[in-house]
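Chemist: sequence plus the predicted model coming up.
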Amino acid sequence: MNTISISRRDFARLLGAGAAAAFVRPAGSFSKQPEHILATGQVVRLSANENPYGPSPKALKAMTDSFTVACRYPDEHNNVLIDKLAKLNGVDHNQILLGDGSSEILKLCAETFTGRDRGTLVAADPTFEAILQQASTNGAEVVKIPLTSTFAHDLPKMLSAAKAGLIYVCNPNNPTASITPKDELRDFIAKSPPETMLLVDEAYFHFADSPNYESVIPLVKDHPNLIVARTFSKIYGMAGLRCGYCVAQKQTIDAMRAHQMWDSVNIMALAAASASLDDPDHVPDGQRLNSEAKTFTIGELHKLGYKTIPSQANFIMFDCKRPVVPLIQAMKQQNVHVGRLFPALPNHMRVTIGKKSEMETFVSAFREVAT
Ligand SMILES: Cc1ncc(COP(=O)(O)O)c(C=O)c1O
């Protein structure tokens, strides 16, 4: 009992002061801490498309309140979150599958729908690569189709390359932050053969505000081959907690669940995700802060003569007019961590949009190394 209350107080204090409290501890006070924990205050981490503002205060409270149920399996919490997500997305309870991050959803799709005998994976190049790796581990053929000149998915080519299996569409796309226009996506879904599964990854949905963008969740009811993935890692600031989900028709959810570990999402993540959905301010606040810091960063890069790919996400990609790898290294020397090399775009740098102050540090470090 004592241990629990002490731990809870410590945890609440840590979280109540914002994750920053944990981050500003001097490097010497940890023996072997992950770089970003050691770092903050010294290192600006703009490499993983995380949300620098952290979870909603309601999520933090829900986690501290859940300490006492940490001894229980998470079934009830699972159901509460599924009910909320079903309501939010206008679907039935049995059309939602939760995952240990949306990464688990992607893995389940690769396992369920690709493989030596089950079919090919078709994906864009460049795109978020996790599912490519999982499909090839399964023995599936992986076909990469370059993005178009406007950094959209080349959907007609992707469709003609598909042999049953799965087509992965990341919209907005990581690493380019670009979107695939809604009319093209709707047309592609309508034309897709029923034996080819379509996975649309909407991890960055909340950051997209273009009139040319829309979620395809409303199309799930008419398309048994459509799966839409979402995550709590981005706008909800829960990347370290691990919670994501997908929406699909019941038979698809059942097929995927058969490959899933039981109780894969932990009770803290479930409580935090549920509480986040009850916070009316968290999403609009996050969108506004991201948009302000993004506008600032793009403006500064344009002043320096660099062209950015139009961004509909919480990161940007821009042409740095020379090989990016030495620049990534040079930025690291300045304690600013940016995205890694994406081989299809060797002269482009991907930068996560952090807080405005972090973006000011990024801009001055970039000016220093690139000019
Ligand atoms: C497009 C995309 N999908 C999925 C993920 C995985 O997110 P998570 O497993 O944290 O939900 C990421 C992570 O950066 C991503 O960029």
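Modeler: Great, that's in hand. A quick note: this is a predicted structure, and the numbers were derived from the prediction, not measured.
Chemist: spell out which parts of the stretch 101-250 of the chain neighbour the ligand.
Modeler: For the stretch 101-250 of the chain, the contact set with the ligand under CB under 6 Å from any ligand atom comprises 101-103, 128, 170, 174, 201, 203, 231, 233, 239, 244. To be clear about C-beta, it is placed using only N, CA and C from the backbone, and glycine gets the same treatment.
Chemist: again, only this time at 8 Å
Modeler: Contact residues (CB under 8 Å from any ligand atom) of the stretch 101-250 of the chain with the ligand: 101-106, 127-128, 130, 170, 172-174, 201, 203-204, 229, 231-234, 239, 242-244.
Chemist: per-residue confidence at residue 117?
Modeler: Residue 117 carries a pLDDT score of 89 in this model.
Chemist: ok but it is inside a helix, no?
Modeler: No. Applying DSSP: H, G, I helix; E, B strand; the rest coil, one finds residue 117 to be coil, outside a helix.
Chemist: that one: neighbour count?
Modeler: If you count neighbours by other CB atoms under 10 Å, residue 117 ends up with 9.
Chemist: distance of it from the ligand?
Modeler: 26 Å (CB to the nearest ligand atom, to the nearest Å).
Chemist: return the residues in contact with that residue.
Modeler: Going by CB atoms under 8 Å, 6 or more residues apart in numbering, residue 117 touches no other residue.
Chemist: give me the contacts around stretch 355-364.
Modeler: 44, 46, 52-53, 289, 292-293, 296-297, 300-301, 336, 338, 351, 353-354.
Chemist: try 7 Å this time
Modeler: Where contact means CB atoms under 7 Å, 6 or more residues apart in numbering, the residues beyond stretch 355-364 that reach it are 44, 46, 52, 292-293, 296-297, 300, 336, 351, 353.
Chemist: could you do stretch 320-336 as well?
Modeler: 42-44, 46, 306, 338, 340-341, 346-349, 361-362, 365-366, 368-370.
Chemist: and the average pLDDT for that stretch is what?
Modeler: 97.
Chemist: SS state for residue 145?
Modeler: Strictly by three-state DSSP, residue 145 counts as strand.
Chemist: okay, and the beta partners of it?
Modeler: Listed by DSSP bridges, the beta-bridge partners for residue 145 are residue 124.
Chemist: what's the weakest-modelled helix or strand in this structure?
Modeler: helix 19-23 (a mean of 34; mean pLDDT, DSSP states H and E).
Chemist: shouldn't residue 132 be in contact with residue 143?
Modeler: No. Judged on CB atoms under 7 Å, residue 132 makes no contact with residue 143 at a distance of 9.7 Å.
Chemist: neighbour-wise, which of those two wins?
Modeler: residue 132 (21 against 18).
Chemist: give me the distance between the residue nearest to that one when sequence neighbours are not counted and residue 107.
Modeler: Spatial nearest neighbour of residue 132, chain neighbours left out: residue 142 (5.2 Å); criterion: CB to CB, 6 or more residues apart in numbering. Using CB to CB, to the nearest Å, residue 142 is found at 14 Å from residue 107.
Chemist: which of these two has more residues huddled nearby?
Modeler: A count of neighbours by other CB under 10 Å puts residue 107 above the other of residue 142 and residue 107, at 23 against 20.
Chemist: and stretch 360-371, how far from the chain's centre?
Modeler: 26 Å (CA atoms, centre = their mean, to the nearest Å).
Chemist: now stretch 254-270
Modeler: With CA atoms, centre = their mean, you get 18 Å for stretch 254-270.
Chemist: tell me where the stretch 101-250 of the chain has helices.
Modeler: 102-113, 130-137, 155-161, 182-191, 250-257 (DSSP state H, counting those that start in this stretch).
Chemist: and the longest one, what does it pack onto?
Modeler: In this case it means helix 102-113. strand 96-99, helix 130-137, strand 226-231, strand 244-247, helix 250-257 (3 or more CB pairs under 7 Å, 6 or more residues apart in numbering; DSSP states H and E).
Chemist: can you lay out the ones you listed as a markdown table showing mean pLDDT?
Modeler: Below are the helices and strands packed on helix 102-113 laid out as a markdown table (pLDDT from 0 to 100):
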| stretch | mean pLDDT |
| --- | --- |
| strand 96-99 | 98 |
| helix 130-137 | 97 |
| strand 226-231 | 98 |
| strand 244-247 | 98 |
| helix 250-257 | 98 |
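Chemist: could you dump those into TSV and include distance to residue 162?
Modeler: Shown next, in TSV, are these (distance: least, CB to CB, whole Å):
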stretch	distance to residue 162
strand 96-99	23
helix 130-137	13
strand 226-231	14
strand 244-247	19
helix 250-257	17
